[in-house]
Structures are given as C-alpha cells and as structure tokens.
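>>> Here is a sequence together with a model predicted from it:
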Amino acid sequence: VGVQLNIADLGQIVLLVQSEIGYRNLSALVSIAHLESRDTHQPAISMSDLTHTATEGLICLSGGIRGGIGRALLTGKTAEARTLAQTFLDIFGDRFYIEIQRHHLPDEQRSEEYLLDIAYDLGIPIVATNDAYFLKRDMHLAHDALLCIAAGRYISETDRRTETPDHYFKTAAEMEDLFSDLPEAIENTSVIARRC
C-alpha cells in the first residue's frame, strides 16, 4: 500500500506502508490532508503535519522532480533542497530515499546530478522509479487524448498537462537497462519491496 501525498507549497512525496502501524500512520496523514486542506481538489498536508504526525512504519520517497527537493533544485535553490532532504532524513531516518526518474524530461536530466550529490553527501539511498500512466508505449497518444478530455482541452494546445511516451509501465529488464549506470538505484527497489 502506498500513496502520493502533496505537501503544501512543496510538492509531492510517496509514502509506502511497511506494517500495520505504518498503515495507521498513513491513514492519519491522508485524513489530515482531506479534512484540513483548503484545496478540496488537491488535498495536502503541511510540513508541520508531517513533522508532528507519527511516521513509524512508513517509507518515504522524495517525489522526483515533482517533490520539494526536485522543485527547489529546478529553481536554483540548492541549499534549500539540501535542507529539505536533511529534514526528510531527520523525520524518516533510513526509511527515506531520493527518487531518480528517467522519462527523458529536460527537468529530470537537469536535476539528476544535484539529486545524486545530495543523496551521496547526506548518505541517503537512491531508488529508481518510473511514473506509469499507461501500460505500453504505443498507448501514449490515447492517454494524451484522455488527458485532454478530462481537462476540457485540445491536443493542439501547448499549455496543458502532457506526459512523455516514456511514462509507460516498464519491465524490470527495461528499468535495469535504463539505470545500468546506477545499479544501486535498481537494487534499492528490491530492498524497499522486502521492507514492505
């Protein structure tokens, strides 16, 4: 069991359940997000909520470029990104991982070196992840059309949400090939699976 949870003004993180206690703690955080959030369309918690709610039994992934660390790096705030990584490390300890994603997005490529620097400097393990919005690469155009229908937009519009053809459900072999230069990122996917 896991969930992407938004942290107000910071972006998303991924929380994965390790145990029954973790499930209860995740339920408490999700309840806070839905009951106390001002935005009913995008429920979120505050960093204070995360700090003051029990996180035992939860594994936290940094959220890639949509997470607070990635977003800070993309706006040139490397010191803020490092401080935020340290905060997550303080909250989750060895249950915090820096996500590395490769969907061939310029922002991912621009931030990866900095994410790795922060991870290695602070002793935070890295993990290879992949946002999957459709099953196979050839489903990209259909998915794009569905995004347009959901948002009431047109395919010809450029200022709308889009995903790349690389946002499909990759096989283990494809992920291993994609991250062949970072074998520890692939190994940590198995570590996380065993911890849950």
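On my side now, so go ahead.

>>> Which pLDDT value does the model give the residue nearest in space to the middle of the chain?
Of all residues in the chain, the one closest to the mean position by CA atoms, centre = their mean is Gly63, 2.0 Å from it. In the prediction, the pLDDT value recorded for Gly63 is 94.

>>> now it: how far from Thr162?
From Gly63 across to Thr162, the span is 19 Å (CB to CB, to the nearest Å). Where you see a C-beta, it was placed from the backbone N, CA and C, and this is true even at glycine.

>>> you'd agree the residue nearest to the centre of the chain is up against Glu99?
Yes. Using CB atoms under 8 Å, Gly63 is in contact with Glu99, at 6.4 Å.

>>> what residues are shared contacts of the two?
Counting by CB atoms under 8 Å, 6 or more residues apart in numbering, the common neighbours of Gly63 and Glu99 are Val14.

>>> all strands in this structure, in order from the N-terminus.
2-7, 11-17, 44-45, 58-61, 96-101, 126-129 (DSSP state E).

>>> which of these has the lowest average pLDDT?
Sorting the strands of the chain by mean pLDDT places strand 2-7 lowest, at a mean of 82.

>>> what helices or strands is that one leaning on?
Helices and strands touching strand 2-7, by 3 or more CB pairs under 8 Å, 6 or more residues apart in numbering; DSSP states H and E, are strand 11-17, helix 20-36, strand 44-45.

>>> Stretch 169-187: which residues count as buried?
Buried residues in stretch 169-187, defined by neighbour count with 16 or more other CB atoms under 10 Å: 170, 175, 178-179, 182, 185-186.

>>> for stretch 114-128, same thing?
Across stretch 114-128, burial judged by 16+ other CB under 10 Å covers 114-115, 118-119, 124-128.

>>> got the end-to-end distance for it?
Stretch 114-128 has an end-to-end distance of 15 Å (CA to CA, to the nearest Å).

>>> Of the helices and strands packed on strand 2-7, give the one that comes closest to Leu74.
Leu74 lies closest to strand 11-17 among these, at 10.3 Å (CB to CB).

>>> Pull the residues that contact the closest one.
1-7, 23, 26, 29, 57-63, 66-68, 70-71, 88, 99, 129, 192, 196.

>>> switch the cut-off to 6 Å
With contact meaning CB atoms under 6 Å, 6 or more residues apart in numbering, strand 11-17 is reached by 1-6, 23, 26, 58-61, 63, 66-68, 71, 196.

>>> returning to what we had before: which two of the buried residues of stretch 169-187 have the greatest separation?
Longest span within these, CB to CB: Lys170 and Leu182, 14.9 Å.

>>> Touching, Phe169 and Tyr133? I think so.
No. With contact defined as CB atoms under 6 Å, Phe169 does not count as touching Tyr133 (8.8 Å).

>>> could you dump the strands of the chain to a markdown table with distance to Thr158?
As requested, the strands of the chain are arranged in a markdown table below (distance: least, CB to CB, whole Å):
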| stretch | distance to Thr158 |
| --- | --- |
| strand 2-7 | 25 |
| strand 11-17 | 23 |
| strand 44-45 | 27 |
| strand 58-61 | 30 |
| strand 96-101 | 23 |
| strand 126-129 | 27 |
